[in-house]
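Enquirer: have a look; sequence and predicted model below, questions after that.
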Amino acid sequence: MIIFYHLFLFFYSAGIRVASLWNKKAKLWVNGRKNFFAKANELVKPKNSTRIWMHCASLGEFEQGRPVLKELKEIYPDVSVIITFFSPSGYEIVKKDTDFLD
């Protein structure tokens, strides 16, 4: 069964890369995953503050978690928040909204 999972992931990734040649959302998906682990590692390196990482599958999921993050920031104002998205369109919208935790 695991072989089918890995085959699916391989073909899905290949299909997205081909689609990214003409599809803007697919291109965002591909570009957003470039050097992901290096970027994520940089964000979670030991620092002087505690970090909360919220990964969202979609913009709707982020909107559901937003009140939780706001409350956490009120209780723990020195906490750093890291938000990642599976959805490139959700990320594009939220990255422009820098004051959502104020």
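Expert: That came through fine. Predicted model only: the values in this text are computed from it and were never measured.
Enquirer: check the offset of stretch 69-77 from the chain's centre.
Expert: Centroid displacement of stretch 69-77 relative to its chain, using Cα atoms, centre = their mean, to the nearest Å, is 20 Å.
Enquirer: now do that stretch, average pLDDT.
Expert: If you average the pLDDT over stretch 69-77, you get 87.
Enquirer: now do Trp29, the pLDDT please.
Expert: You'll see Trp29 listed with a pLDDT of 78.
Enquirer: which stretches of the protein have low pLDDT?
Expert: Scanning the chain for pLDDT under 70 picks out the ranges 40-41, 43-49, 97-102.
Enquirer: does Tyr91 touch Phe85 like I think?
Expert: Yes: under the criterion of Cβ atoms under 8 Å, Tyr91 makes contact with Phe85 at 3.9 Å. From N, CA and C alone the C-beta is placed, and that goes for glycine too.
Enquirer: which neighbours do those two have in common?
Expert: Contact with both Tyr91 and Phe85 is made by residues Gly32, according to Cβ atoms under 8 Å, 6 or more residues apart in numbering.
Enquirer: for this protein, just list every one of the helices.
Expert: 2-19, 24-32, 36-44, 59-75, 88-94 (DSSP state H).
Enquirer: need those helices in TSV (columns: mean neighbour count and distance to Trp53).
Expert: TSV is the format used below for the helices of the chain (neighbours: other Cβ atoms under 10 Å; distance: least, Cβ to Cβ, whole Å):
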stretch	mean neighbour count	distance to Trp53
helix 2-19	10	23
helix 24-32	15	16
helix 36-44	10	7
helix 59-75	14	11
helix 88-94	17	14
